[in-house]
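Q: Turn this into a model:
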Amino acid sequence: MKRILLGSMLMAVSFGALAEAPGGPGCGWGNMLFKGSKGLPSHLVASTTNGSSGNATFGMTSGTNGCRTDGTLTYDGKPMLVVSNMMDELSEDMAKGEGEALTTYAVVLGVEPEDRAHFKSITNQHFAEIFSSADVTAEQVLAATLDVMKRDDRLNRYVRS
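A: Below is the predicted model:
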């Protein structure tokens with residue numbers, strides 16, 4: 001249980017960490033202090049400086065600190081299922097139609113609490129389609145899950161085109 005909760009928290013945090021920085025790539029005092037620096041340590045310290053002092057948020061609302069809000073946020077990372085290493089647990093839970101990994105997956109996909117039982121039931125019914133082979137990749141599982149959700153009248157609202 002602790003491992004799944006930790007994995008969920010890391011997934012949620014990584015969504016924001018891997019997107020273009022809110023306010024733009026040059027936003028905040030951390031970016032100003034470490035301008036021209038490269039590598040993970042510089043980025044982590046700059047991000048921590050911006051987050052802990054709230055200056056990036058202030059900059060976005062006031063239009064200062066090199067911040068802007070006219071850009072589109074993007075995500076170019078891998079699906080969170082790849083990062084979480086929960087494929088085995090997810091396949092077992094989905095085959096049963098219940099379990100912590102399946103609940104976590106529903107939460108990560110943004111399924112509201114009132115629709116999670118339906119999500120579990122639908123993914124269980126389409127298990128063979130979602131886990132189409134023994135060597136299916138996490139990307140394929142995610143794509144198949146989203147495809148199943150798109151076709152369901154109740155779950156299609158959670159799938160962004």
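Q: Tell me which helix or strand the closest residue to Cys27 other than its chain neighbours sits in.
A: The spatial neighbour of Cys27 that comes closest, neighbours along the chain excluded (CB to CB, 6 or more residues apart in numbering), is Cys67 at 3.8 Å. Placement of C-beta: from N, CA and C, glycine included. Element membership of Cys67, judged by DSSP states H and E, is empty: it is in no helix or strand.
Q: Surely Cys67 is in contact with Gly28?
A: Yes. Between Cys67 and Gly28 there is a contact under CB atoms under 8 Å: 6.8 Å.
Q: residues shared between the contacts of the two?
A: With contacts defined as CB atoms under 8 Å, 6 or more residues apart in numbering, the residues adjacent to both Cys67 and Gly28 are 56, 59.
Q: Could you check which of the two has the larger neighbour count?
A: Between Cys67 and Gly28, counted using other CB atoms under 10 Å, Gly28 has the larger neighbour count: 27 against 23.
Q: got any ranges where this structure has weak pLDDT?
A: Along the chain, the model assigns pLDDT under 70 to residues 1-25, 72-85, 161.
Q: can you pull the buried residues of stretch 32-43?
A: The neighbour-count criterion (16 or more other CB atoms under 10 Å) identifies 34, 42-43 as the buried residues of stretch 32-43.
Q: same thing with stretch 123-139?
A: By neighbour count with 16+ other CB under 10 Å, stretch 123-139 contains the buried residues 123-124, 126-127, 130-131, 138.
Q: Farthest pair within those?
A: The most widely separated members of the buried residues of stretch 123-139 are Asn124 and Ala138, with 18.8 Å between them, by CB to CB.
Q: care to break this structure down by domain?
A: For the chain, the domain assignment from automatic domain parsing gives the residue ranges 20-73, 80-158.
Q: Please look at His118 and Arg154 and confirm they touch.
A: Yes. At 5.5 Å, His118 and Arg154 qualify as touching, with contact defined as CB under 8 Å.
Q: Mind jotting down where the helices sit in the chain?
A: Assignment of helices within the chain using DSSP state H yields the ranges 2-18, 29-33, 40-53, 55-62, 80-84, 87-96, 100-108, 116-125, 127-130, 138-151.
Q: Pull the contacting residues for the nearest residue to Asn124 once chain neighbours are set aside.
A: Excluding the flanking residues, the one nearest Asn124 by CB to CB, 6+ apart is Gly97, at 3.5 Å. The neighbours of Gly97, taking CB under 8 Å, 6+ apart as the test, are 120-121, 123-124.
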